[in-house]
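>>> I'll drop the sequence and a predicted model, then ask my questions.
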Number of protein chains: 2
Amino acid sequence: MNIKEVATKARVSTATVSRTMNGNPLVSPKTADKVWRAIRELGYYPNSHARTLVSGRSRLLGLIISDIANPFFPELVKGFEDTAIQRDYNVMVSNTGYDSTRMAIAVRRMIEHQVDGVAIMTSEIDRHLVDELSKRSVPMVFLDVGMVKKRVSNVCVDYAAGIRESIDHLHELGHRRIAFISGPMDLKSARVRRKAFQKFVEAKQLQQDSSLIVEGNHKIDGGQAAMNKLLALRRPPTAVLTSNDLSAIGALRAIHAAGLQVPGDISLIGFDDIELSQYTDPPLTTVRLSRQELGRTAFEALMNIIDGVSDSGAEFAVSTHLIVRESTSPGR
Amino acid sequence: MNIKEVATKARVSTATVSRTMNGNPLVSPKTADKVWRAIRELGYYPNSHARTLVSGRSRLLGLIISDIANPFFPELVKGFEDTAIQRDYNVMVSNTGYDSTRMAIAVRRMIEHQVDGVAIMTSEIDRHLVDELSKRSVPMVFLDVGMVKKRVSNVCVDYAAGIRESIDHLHELGHRRIAFISGPMDLKSARVRRKAFQKFVEAKQLQQDSSLIVEGNHKIDGGQAAMNKLLALRRPPTAVLTSNDLSAIGALRAIHAAGLQVPGDISLIGFDDIELSQYTDPPLTTVRLSRQELGRTAFEALMNIIDGVSDSGAEFAVSTHLIVRESTSPGR
DNA sequence: AGGTGACATGTAATCGATTACATTTTGCGA
DNA sequence: TCGCAAAATGTAATCGATTACATGTCACCT
């Protein structure tokens, strides 16, 4: 079943069939009708590989993420994919599993499939692999790596906005001794969040104390360990901000394990607003980062390069804001 | 950058390059060496579309799911994809968003991309679309739809195993009046679960009462509404089984809202073991259904057809078992 | 030395679309 | 009615690999 059969059945040439399918206005309505009828009657679907081969455009985008089972990503994928489908693009998703070998495989596959662009939404990025894509001038978009150049854009999350809101919120509630459980320091976005925390704590003239900033790992166990350190302090904080929700959930466990209450004894604010955070006990006050919007924005960023709107690459921002639930209350 | 350039650089023909890349043993080691060197030096990656076009095999599998943001799916996708990558296959994931138009689009894209097989893991399936795939003899695998025929396999979850365990568990704890919050009755898997519940309740000679079976919708609100109905009964149950975890979480809310305790007043068992269920308050006793295994099995099922191991299609089972956490305890 | 078979390599057709260019048809004005 | 531009359609080259078939090379045996 190929274009030739359709052409034969419609009594036209393959060129006309192709033109009809692609909405070329040169085809007369009468002919177009014949062609569509033939297509329908034969149940013909064009072969995308043949199409790509000759046209050089695959209408396929790569989306590289760390781990689809990490609750951060599914929504991002959804935002990206939904938008892509609407614009008649396909998406090839690849998990790296935080493993650079898999990352290399993913990039190789993207190139082999002639993707029209790649969104690399992992935190770790491999300079070498990026070069491989650059060499072929594949449009790219990154998440939070401040590298904008020819055909490379960047979506960056305005972490600071949400963190400022959080601190304002806690400040209003009367908290003055606020701790921060950070993410792993080799992660740029984690560094940005910590820096924002420091900046606003300073701005509000709250108590600054280096022991109030503890490093976690953006996972539950790390949050738990970090919180235990904070609880062991001579003067523990009355409120804790965390670098992501998973850390906050770990902290929550540590607090409960210590026989204390949230928010009664300690107020707690997460970051990301993963689905889970509305079901914790108590429901977590957290900073929402719309992953769907992130996905959508990444897609648009790619499209801007692909459609030649801006060949130079640009910076896109996605904002964050505080969602107040029940893990915060006035301090004692 | 194509095979011809490599051939020129290595001073061999394109056929030899192709043979080398595909590990054809006819190529002498010396020549192979030259070719690999040229490939490396040029940074050559083969064009998968050209490859697919001539060979007819795309090494691409379709995976159609309802909604990647539904916590049931990410792990399934992961299991499927990880296995696929290992076997050098690519995966094209499509969300239908429970919408038949999107489902049609997904199928169309799969066909246009000449996928070597499709795993359709949605609950709703469209007879017509399946025919479209059948017509092209694309291998398929479904989830829980008992349809096995030529080139169509089926992965089915042994829901009954976990439900039997649940009822045994509750029975041992002394519960005799056990309710069931079902899923929507137009969903086959939901019907299967309910039927299993009825069967084992009967087997254990527990109290049977049609008002103890309430229909939910596999979402939180439905579970909540259903639980409220149960609480309004003259004699409410002492334990409740639910058709999925989301329903259980809804039920949990309803119980708390009524000022009752879990498991003190009512024991509760979920189904699926989504990540969330270990973080509820109390952590949910639930039936684990390994989504990763489901994904892996779906992949293997497809491979069996593709590799011609069994052209006729087969039935694959994935089992379930009870995970006891803290939402169950002896009845009063 | 010549013949034979095994091994190695090359030539060119092929997959199914798109599209530049060529050709035919149509409509309209003179 | 004829001429000519515009519109419609057709012909064939092309994309980049695979692979059937053709050809070439070499070692070894008689």
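Ah, there it is.

>>> excluding its backbone neighbours, what's nearest residue A:293?
residue A:318 (5.4 Å; Cβ to Cβ, 6 or more residues apart in numbering or on different chains). All C-beta atoms are positioned from the backbone trio N, CA, C, and that covers glycine.

>>> how deep is whichever residue of the stretch 101-250 of chain A sits closest to DNA strand C tucked in, by neighbour count?
Nearest to DNA strand C in the stretch 101-250 of chain A, going by Cβ to the nearest atom of the strand, is residue A:114, at a distance of 12.7 Å. By the criterion of other Cβ atoms under 10 Å in any protein chain shown, residue A:114 has 21 neighbours.

>>> Next one: it from residue A:55, what distance?
Remark: distance between residue A:114 and residue A:55 (Cβ to Cβ, to the nearest Å) = 10 Å.

>>> Show me what counts as buried in stretch A:216-227.
A:216-220, A:222-227 (16 or more other Cβ atoms under 10 Å in any protein chain shown).

>>> And for stretch A:159-172?
So for stretch A:159-172, counting by 16+ other Cβ under 10 Å, buried means A:159-167, A:169-171.

>>> again, but for stretch A:206-215
Buried residues in stretch A:206-215 (16+ other Cβ under 10 Å): A:206, A:212-215.

>>> tell me the mean pLDDT for it?
For stretch A:206-215, mean pLDDT is 93.

>>> Tell me the span between the first and last residue of it.
Length of stretch A:206-215, first residue to last, Cα to Cα, to the nearest Å: 20 Å.

>>> Give me the contact list for it.
A:167, A:171, A:176-185, A:194, A:197-198, A:201-202, A:222, A:226-227, A:229-230, A:233, A:237 (Cβ atoms under 8 Å, 6 or more residues apart in numbering or on different chains).

>>> excluding its backbone neighbours, what's nearest residue A:59?
residue A:89 (5.3 Å).

>>> Could you point out the longest strand of chain A?
Using DSSP state E to define each element, chain A has its longest strand at strand A:315-323.

>>> could you give the mean pLDDT of that one?
When pLDDT is averaged along strand A:315-323, the result is 94.

>>> Would you give the sheet partners of that strand, along with the direction of each?
strand A:152-158 (parallel), strand A:285-289 (antiparallel) (DSSP bridges).

>>> coming back round to it: quick one: residues contacting the residue nearest to residue A:59.
With Cβ under 8 Å, 6+ apart, residue A:89 has these contacts: A:59-61, A:116, A:299.

>>> For PyMOL, write a command that selects the buried ones of the contacts of stretch A:206-215.
Buried members of those, defined by 16+ other Cβ under 10 Å, are picked up in PyMOL with:
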select buried, chain A and resi 167+171+177+178+179+180+181+182+183+194+197+201+222+226+227+229+230+237
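
>>> returning to what we had before: for chain B, state which of the buried residues of stretch A:216-227 is nearest.
Using Cβ to the nearest Cβ, residue A:220 is the member of the buried residues of stretch A:216-227 that sits closest to chain B, with 8.9 Å.

>>> Show the contacting residues for the closest one.
With Cβ under 8 Å, 6+ apart, residue A:220 has these contacts: A:246-247, A:249-250, A:253.

>>> what's the spacing between it and residue A:103?
Distance of residue A:220 to residue A:103, given as Cβ to Cβ: 25 Å.

>>> Tell me who's in contact with the residue lying closest to residue A:273 once chain neighbours are set aside.
Excluding the flanking residues, the one nearest residue A:273 by Cβ to Cβ, 6+ apart is residue A:288, at 3.9 Å. Counting by Cβ under 8 Å, 6+ apart, residue A:288 touches A:162, A:272-273, A:320-323.

>>> at 10 Å what do you get?
Each residue near residue A:288 by Cβ atoms under 10 Å, 6 or more residues apart in numbering or on different chains is listed here: A:162, A:270-274, A:277, A:319-323.
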